[in-house]
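Engineer: just to be clear, the model below is a prediction. Sequence and coordinates:
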Amino acid sequence: MVNHRLDRLFHALADPTRRAMVERLCRGPASVSELKEPFAMSLPAVVGHLKVLEEAGLVTTSKQGRTRTCQIEPNALRQAEQWLAGQRTEWERKLDRLGTLLEET
């Protein structure tokens, strides 16, 4: 089954800058300027990364006056966790079957 939302989510998390932004936002909301601080990049580059995170559903933004504030969308992270847990369960089941087969031979 193709899950485009999950594809976008993992694509967004594949970039170390975006992962760092997600890690920062897990501590609480931040303005775009605050998210830019640790990176040696232009504001448009930061906004580009945020756009990818928003399209993946990982981040939401709101604007008050001239300040754009970003916050994490925890349900998107849960979707990734659930997928990974399912994969782990499947591989553990396969490894258990392999272990049983090896013990029998």
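Structural biologist: Looks like it arrived, so ask away.
Engineer: so which residues of this structure form helices?
Structural biologist: Along the chain, the stretches classed as helices by DSSP state H are 4-13, 16-25, 32-36, 43-55, 74-104.
Engineer: for the second one, packing partners?
Structural biologist: I take that to be helix 16-25. Secondary-structure packing of helix 16-25 (3 or more C-beta pairs under 8 Å, 6 or more residues apart in numbering; DSSP states H and E): helix 4-13, helix 32-36, helix 43-55, strand 59-64, strand 67-72. All C-beta spots, glycine's among them, are computed from the backbone N, C-alpha and C.
Engineer: identify the residues contacting the third one?
Structural biologist: Looking back up the chat, that one is helix 43-55. 8, 11-12, 15, 17-18, 21-22, 32-33, 35-36, 39, 59-61, 70 (C-beta atoms under 8 Å, 6 or more residues apart in numbering).
Engineer: then the second one?
Structural biologist: By C-beta under 8 Å, 6+ apart, the list of residues contacting helix 32-36 from outside reads 21, 24, 25, 43, 46, 47, 50, 61, 67, 68, 70.
Engineer: how close does the second one sit to residue 31?
Structural biologist: Distance of residue 24 to residue 31, computed by C-beta to C-beta, to the nearest Å: 11 Å.
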